[in-house]
Every structure is written in structure tokens, then in C-alpha cells.
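In: Have a look; sequence and predicted model below, questions after that.
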Amino acid sequence: MARYTGPKSRIARKFGEPIYGPDKVLAKRTNPPGQHGASRKKTSEYGIQLREKQKAKYTYGVLEKQFRNMFEKAAKKKGITGEILLQMLECRLDNVVYRLGIGKTRDAARQLVNHKHIVVDGEVVGIPSYQVKPGQLVGVRERSKSLEVIADSLAGFNHSKYPWFEWDEASKTGKMLHVPERADIPENIKEQLIVELYSK
């Protein structure tokens with residue numbers, strides 16, 4: 001499936017925050033990209049909502065059609081639609097692999113899933129959008145445990161950062177204890193703006 005493969009620092013500068021992780025370029029150049037940086041025109045309400053949706057899509061590496069489908073599923077569930085949408089994004093297998101520290105970035109985590117290095121409940125799963133459910137075990141495939149890229153990523157990773165996971169170092173496996181609460185999700189996304197955009 002197509003993914004954004006352009007310069008990531010440009011996207012980070014567009015939103016004014018390191019959505020792809022620590023960024024040396026963003027630290028030096030905080031102005032938006034383009035010949036003259038930020039436009040002086042005031043952004044419309046629609047523009048603000050659209051920007052928030054784009055930020056969520058870039059952060060989680062999801063394309064428009066997939067994102068819209070997730071929103072429609074979230075809207076059908078009981079509860080606050082915006083929170084449910086973020087929880088669904090957090091429960092994607094590629095994001096879970098990233099949160100467990102198996103992949104240094106979401107892109108790296110997605111690649112590990114695509115290349116069949118990841119198992120869920122002992123079965124190989126190669127679908128990054130697979131929804132992990134509470135109680136399921138996500139880990140590294142036995143023959144992939146010696147991969148340098150995985151060892152480097154796990155070295156010194158603080159597994160207590162995300163309280164909805166329990167990590168077993170010996171088996172290189174993480175258990176999802178529960179779906180994360182909105183307060184626990186660290187991403188700076190105003191999900192209500194996304195709901196307002198799609199509700200028009």
C-alpha cells in the first residue's frame with residue numbers, strides 16, 4: 001500500500017512538532033516549510049480541522065481511505081467517537097510493535113510486521129492494520145529474535161512508559177492489558193476537530 005515517503009522533517013515543520021520522533025532539523029528550523037514559511041492569512045475553521053486530521057494520519061501512517069473507514073467504524077460504536085478513533089489507531093499492530101519498543105519508529109515497526117517478524121498469540125501476522133485486542137500477546141518471531149535491528153531498538157527501552165502493556169523480556173513478548181485511556185495516549189492530537197470535520 002502507498003505510504004508517505006517524502007522528507008519527514010518537512011512534515012514535522014509543517015505541524016511544528018516532532019511527529020516522527022526527535023528531529024534535528026525541527027530543532028534548528030521551527031518555521032513552516034516553503035519559500036516564505038507560514039502564510040500570514042488566518043487559517044479557517046475548516047483549515048484547522050483538516051490540519052488536525054492530516055497530523056493524525058501522518059503520525060500513525062494511515063492513508064485517507066483507511067482513516068475514513070476507521071472513523072466510520074468508531075462512529076458506530078458507543079462512546080466518544082474521537083477517543084474511540086484514537087484507541088483504534090493505538091491498537092493497530094504496527095503501532096503496538098512501536099509502543100513495545102520492538103521497532104524504533106512506526107515505519108520500522110510496520111516493516112517488521114510486513115516482513116513477518118511479528119507474532120500475535122504465537123501466530124505470524126503480516127498485516128500492519130490488524131487490531132490487537134486486550135489479552136493478546138504480541139512478540140518477536142523465534143527466528144527473528146537475533147535480528148540486530150530489533151536488539152538495538154529494545155536496548156534500554158523503558159517498557160513502563162505505557163501502562164496498558166506488560167513486557168516479558170525473556171520471551172520478547174508484550175501483553176495488551178487493556179485498551180489505553182485517552183489520558184494515557186501521549187500524541188498531541190485534538191480528536192474532536194477530526195470528528196467535527198467528518199461530521200460536516
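Out: Good, I have the coordinates.

In: ok, the most centrally placed residue in the chain to Pro180 distance?
Out: By CA atoms, centre = their mean, the chain has its centre lying nearest to Tyr60, at 3.3 Å. Going from Tyr60 to Pro180 by CB to CB, to the nearest Å gives 14 Å. Just so you know, the C-beta spots here come from the backbone N, C-alpha and C atoms, and that holds for glycine as well.

In: circling back to that earlier point, for the residue nearest to the centre of the chain, which non-adjacent residue is spatially closest?
Out: Leu89 (4.7 Å; CB to CB, 6 or more residues apart in numbering).

In: repeat for Ser129
Out: Arg92 (5.6 Å).

In: quick one, what contacts the one you found?
Out: Each residue near Arg92 by CB atoms under 8 Å, 6 or more residues apart in numbering is listed here: 60, 62, 128-132.

In: Now do the top helix by length along the chain: which elements does it pack against?
Out: As assigned by DSSP state H, the longest helix anywhere in the chain is helix 45-60. When contacts are defined as 3 or more CB pairs under 8 Å, 6 or more residues apart in numbering; DSSP states H and E, helix 45-60 packs onto helix 8-15, helix 64-76, helix 81-90, helix 191-198.

In: if you set the cut-off to 6 Å instead, what comes out?
Out: Contacts defined by 3 or more CB pairs under 6 Å, 6 or more residues apart in numbering; DSSP states H and E place helix 45-60 against helix 191-198.

In: List the buried residues for the helix it packs on?
Out: 191, 193-198 (16 or more other CB atoms under 10 Å).

In: now swap in stretch 95-106 and tell me
Out: Result for stretch 95-106 [16+ other CB under 10 Å]: buried residues 95-104, 106.

In: Now render these as CSV, adding pLDDT.
Out: Output for the buried residues of stretch 95-106, formatted as CSV (pLDDT from 0 to 100):
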residue, pLDDT
Asn95, 97
Val96, 97
Val97, 97
Tyr98, 96
Arg99, 96
Leu100, 97
Gly101, 96
Ile102, 96
Gly103, 94
Lys104, 92
Arg106, 92
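
In: Reformat the residues you listed into JSON lines and put distance to Gly82 next to each item.
Out: Formatted as JSON lines, the buried residues of stretch 95-106 follow (distance: CB to CB, whole Å):
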{"residue": "Asn95", "distance to Gly82": "17"}
{"residue": "Val96", "distance to Gly82": "20"}
{"residue": "Val97", "distance to Gly82": "24"}
{"residue": "Tyr98", "distance to Gly82": "21"}
{"residue": "Arg99", "distance to Gly82": "20"}
{"residue": "Leu100", "distance to Gly82": "25"}
{"residue": "Gly101", "distance to Gly82": "27"}
{"residue": "Ile102", "distance to Gly82": "28"}
{"residue": "Gly103", "distance to Gly82": "26"}
{"residue": "Lys104", "distance to Gly82": "28"}
{"residue": "Arg106", "distance to Gly82": "20"}
